[in-house]
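Trainee: Fold the stuff below for me.
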Amino acid sequence: MDSTAFPHDLVQAQHHWNTTYRALTTSGNRHTTALRRRLLDLSGRIWWHPFWTTVPGNAPAARMELRRLARTQSRSEEAA
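Mentor: From the prediction side, this is the model:
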């Protein structure tokens, strides 16, 4: 799948999901309720994004590609 085919808001939502998940795993016992709520909100935005209605039959592979793309972008931002 062409990674440029993903809408910017979908990639951003996945990026924020990754960041929030990382914060949840490193927060100890602080702010976990707010972080979990944020994960649920972002999960819904990603899962129900209108883009997924345009992916013909290969949505699981596209979802994995979205995760990979967001991870790659996060790593390049951290390195900069």
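Trainee: give me phi/psi at the most centrally placed residue in the chain?
Mentor: For the chain, the residue whose C-alpha lies nearest the mean C-alpha position (C-alpha atoms, centre = their mean) is residue 14; its distance is 1.4 Å. Per-residue torsions, residue 14: phi -70, psi -40 (degrees, to the nearest 10).
Trainee: measure it to residue 29 for me?
Mentor: 26 Å (C-beta to C-beta, to the nearest Å). C-beta: built from backbone N, CA, C; applies to glycine.
Trainee: Can you give the contact residues for the one helix or strand in the chain whose mean pLDDT sits lowest?
Mentor: Within the chain, confidence by mean pLDDT, DSSP states H and E is lowest for helix 59-79 among all helices and strands, at a mean of 87. The contact list for helix 59-79, computed with C-beta atoms under 8 Å, 6 or more residues apart in numbering, reads 1, 3, 6, 10-11, 14-15, 17-19, 46, 52, 55.
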